[in-house]
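>>> Sequence plus predicted model, see below.
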Amino acid sequence: MHDALGGAVLADDSGLEVAALGGAPGVFSARYAGVGCGDENNRKLLLKNLAGVTDRSARFVCCMVYIDQNGNVSTATGTTEGRILEREEGGNGFGYDPLFFSYDIGKSFGVASEEEKNGVSHRARALGGIRKKIL
């Protein structure tokens, strides 16, 4: 992609890792319930797969890559820790946010403000790691 664009490129991939599910849905987070299924289906499947499970620890992970105009590569990973709730809380955010209770802010990403979530998000942390390497 970098060669095709002839300039700097920033890319990332993110996912939700649930300890009791061996790290699933992981890289399949957006397609957890199947191709073409949306966020609601993914959340319902996650809750179904965690029914009766007491260890609901989870984390969001973001891997980010930056390639500058000279082809120099920088990478960083960001995480945010929490747990999966037994029911959705709030309607803010997207994806698994209403089910993810953030240890950093003490509430569901679904009820957190955009500023609160962005302050502790896995993407913000990965981007901060990239910034430290390139600035």
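Sure thing, it's come through.
>>> Are there helices or strands packed against the longest helix along the chain, and which ones?
Secondary structure of the chain per DSSP state H: the longest helix is helix 122-134. Packed against helix 122-134 by the contact rule (3 or more CB pairs under 8 Å, 6 or more residues apart in numbering; DSSP states H and E) you find strand 9-18, strand 57-67, strand 73-84. From N, CA and C alone the C-beta is placed, and that goes for glycine too.
>>> Same list (those strands) but as TSV, adding distance to Ile105.
Listed next are the helices and strands packed on helix 122-134 as TSV, based on distance: least, CB to CB, whole Å:
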stretch	distance to Ile105
strand 9-18	17
strand 57-67	13
strand 73-84	9
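>>> got the ones you listed as TSV, with mean neighbour count and distance to Lys117 columns?
Listed next are the helices and strands packed on helix 122-134 as TSV, based on neighbours: other CB atoms under 10 Å; distance: least, CB to CB, whole Å:
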stretch	mean neighbour count	distance to Lys117
strand 9-18	18	13
strand 57-67	20	10
strand 73-84	17	9
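>>> what about these, which gets the closest to Asn42?
strand 9-18 (9.0 Å; CB to CB).
>>> taking the mean pLDDT, what do you get for that closest one?
For strand 9-18, the mean per-residue pLDDT is 96.
>>> shift numbering so it begins at 73
Got it, the first residue is 73 from now on, which makes the last one we talked about strand 81-90.
>>> Find the centremost residue of the protein, please.
The chain has Phe132 as the residue nearest its centroid, 3.8 Å off, counting by CA atoms, centre = their mean.
>>> That residue contacts Thr149, correct?
No. Phe132 is not in contact with Thr149 according to CB atoms under 8 Å; the separation is 11.1 Å.
>>> I'd like to know which helix or strand in this protein has the lowest mean pLDDT.
Across the helices and strands of the chain, mean confidence by mean pLDDT, DSSP states H and E is lowest for helix 74-77: a mean of 62.
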